[in-house]
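Chemist: Any chance you could fold what I've pasted below:
(2 chains)
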Amino acid sequence: MSETPAEINRAPLLGEHNAEIYTALLNLSREELAELKERNVI
Amino acid sequence: MSSKAKKALGGVRIIDLSQVFAGPYATKLLADMGAEVIRVECAARSGRGGALPRLRPGGDFGAAFPNGDTGERSYNRFAYYNEVNRNKFATTIDLSKPRGVELFKRLVEISDVVVENFSPRVMRNFGLDYAVLKGINPKLIMISISAYGQDGPYRDYVSYGEGIEAMSGMSKLTVYTKGAPLKPGVAYADATAGLHAAFAIMAALRYRRVKGIGQYIDLSMREALTPLLGEVLMDYAMNNRIPEPLGNRHTGMAPHGCYRAKGNGKWIVIAVSSEEEWRTLCRVMGNPQWSREERFAKVSGRLANQDELDKMIEDWTIGYDNIELAEMLQAHGIKAGAVLDAADLVNDPHLKERGFFEDVKHPEAGTHIMPGISWKMSRTPGRIERPAPCFGEHNRYVFGELLGMSDEDIEELAQEGVTAEAPLPYTDV
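Modeler: A predicted model of the protein is given here:
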């Protein structure tokens, strides 16, 4: 595409972006994140 | 010229210069979603099988016509064309004439997308490459679908789908464990190119909505197909390993194959992906003595003894109707599918219930079913609203209504041979 050529980034590691997505995008606290991890939800 | 049905792509106007299947398949998808697709065809290369289709030895036509009859205007009854070009409009313009080029440029001015799948030199020879068209309409999106792309050493290679399937690496994988590579039974490379093209156009339309500018898309059929070899290419890159052809088998599943069923030319495919599924299959088969042999107990043994395994399974499948057997296996959660032909599909109760096939009434070809829309959207489902256009059917609509030309001017175009009433007779072999 002349204006928007795409670029390729590697596939994510398993769960690599959990912290980023759930805290930065969904505003979960560190504690909530830890609890989800503890309960094997994420 | 549109109905009141809600359309996902209503208001998008596409000029379609494309021929045969790859480009027309892309514009079919867009037209089904409500884009106004205006085909620009010419008398010398109509893409409609020419005015006189070839008779094969034995007296039948290689192509499908209603009731096997070409009728007076075969080019309007050509099933290949009529299926993939439903929902579109058709004009004729001879782009080898300066007035044709001028007329085309006026169409570009009022359109959103131009689709073409000529060899790379053709649009440049017409003086209609993107640099020129962008000057007329900076918001224009143009896609060139070619076999190998607009640059690179193979750019001038010519090809149908078979050449692309071969050059993409796909053919080398579509081989029985012994034997020559096989072409797929459909225009697979063309269809994948068309799908990718439709997606690229949608991405460009989205970007244009945000930024207000168009862009050029150079799509190579080969580069649309090669990514389907993802893991195969990675294996070579990582391990220098080139996979052996598998035929109907799988690297990690057994049984995994295509087996004879009752009746001439009847087959069923079965894939067993876990030990639990294997035990279920054995139960459905009635736990025959052979299935209890140690060598078939685990997938490793079944993979190692696949010739014997497949023979035993086929001895069982051959006693059943393929559709009934698939139903029976599915009832037990086994991944089985009958190998269907056109008659099976048209009469398929599932497709009937989902309303997949639609009746399409064509003024010269009659009323026939066609495969409908491949997905069901809750608000803007799309449908086959109009049959494929007859040759030049919408010259008056496009040149008169859309471009505002007078009847005299339109008549003059016809007199000068810029537009045409009928394609020229077949010229190729």
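Chemist: Could you pull up the contacting residues of the residue positioned nearest the centre of chain A?
Modeler: Centroid check for chain A by CA atoms, centre = their mean gives A:H17 as the closest residue, at 2.5 Å. Shown in contact with A:H17 (CB atoms under 8 Å, 6 or more residues apart in numbering or on different chains): no residues. In this view, the C-beta of every residue, glycine as well, is placed from N, C-alpha and C.
Chemist: Which positions in chain A make contact with chain B?
Modeler: A:M1, A:S2, A:E3, A:T4 (CB under 8 Å from any CB of the partner chain).
Chemist: how many other residues sit next to B:L309?
Modeler: 22 (other CB atoms under 10 Å in any protein chain shown).
Chemist: same deal with B:P227?
Modeler: As a burial measure, B:P227 scores 11 neighbours (other CB under 10 Å).
Chemist: so what's it scoring on pLDDT?
Modeler: Predicted confidence (pLDDT) for B:P227: 96.
Chemist: distance of it from B:S220?
Modeler: If you measure B:P227 against B:S220 using CB to CB, to the nearest Å, the figure is 11 Å.
Chemist: Next, count neighbours for B:G161.
Modeler: 24.
Chemist: again, but for the one 4 residues further on
Modeler: By the measure other CB under 10 Å, the count of residues near B:E165 is 27.
Chemist: list the contacts for B:P387?
Modeler: Applying CB under 8 Å, 6+ apart to B:P387 gives the contacts B:N82, B:R86, B:V360, B:K361, B:H362, B:P363, B:A365.
Chemist: Show me which pair in these is furthest apart.
Modeler: Pairwise distances across the contacts of B:P387 peak at 13.0 Å for B:R86 and B:P363 (criterion: CB to CB).
Chemist: And these two? Which one has more around it.
Modeler: A count of neighbours by other CB under 10 Å puts B:R86 above the other of B:R86 and B:P363, at 22 against 10.
Chemist: Does the more buried one lie in a helix or a strand, and which?
Modeler: Following DSSP states H and E, there is no helix or strand that holds B:R86.
Chemist: so how far is chain A from it?
Modeler: To chain A, B:R86 is 28 Å away according to CB to the nearest CB, to the nearest Å.
Chemist: Contact partners for that residue?
Modeler: Counting by CB under 8 Å, 6+ apart, B:R86 touches B:K28, B:A31, B:V360, B:M370, B:I384, B:R386, B:P387, B:A388.
Chemist: and the closest residue to the fifth one other than its chain neighbours, how many neighbours does it have?
Modeler: Closest residue to B:I384 in three dimensions, ignoring its sequence neighbours and counting by CB to CB, 6 or more residues apart in numbering or on different chains: B:E358, at 4.7 Å. B:E358 is surrounded by 15 other residues when neighbours are defined as other CB under 10 Å.
Chemist: Just grab the bridge partners of B:E358 for me.
Modeler: B:M370 (DSSP bridges).
Chemist: Can you give me the buried ones in the longest helix out of those in chain A?
Modeler: Using DSSP state H to define each element, chain A has its longest helix at helix A:30-38. Of the residues in helix A:30-38, A:L33 count as buried by neighbour count, 16 or more other CB atoms under 10 Å in any protein chain shown.
Chemist: That one - what's its average pLDDT?
Modeler: Rounded to a whole number, the mean pLDDT of helix A:30-38 is 94.
Chemist: for it, packing partners?
Modeler: If contacts are counted by 3 or more CB pairs under 8 Å, 6 or more residues apart in numbering or on different chains; DSSP states H and E, helix A:30-38 sits against no helix or strand.
Chemist: Quick one: residues in contact with it.
Modeler: When contacts are defined by CB under 8 Å, 6+ apart, helix A:30-38 is touched by residues A:N18, A:A19, A:Y22, A:T23, A:L28, A:I42.
Chemist: Going by distance to B:N239, which of those residues wins?
Modeler: Relative to B:N239, the closest of those is A:N18; by CB to CB it sits at 31.1 Å.
Chemist: Do I have it right that that closest one meets A:I42?
Modeler: Yes: A:N18 is in contact with A:I42 according to CB atoms under 8 Å; the separation is 5.2 Å.
Chemist: biggest separation within the residues of chain A next to chain B, which pair?
Modeler: Between any two of the residues of chain A next to chain B (CB to CB), the greatest distance is 8.2 Å, for A:S2 and A:T4.
Chemist: Which neighbours do the two have in common?
Modeler: Shared contacts of A:S2 and A:T4 (CB under 8 Å, 6+ apart): B:Q215.
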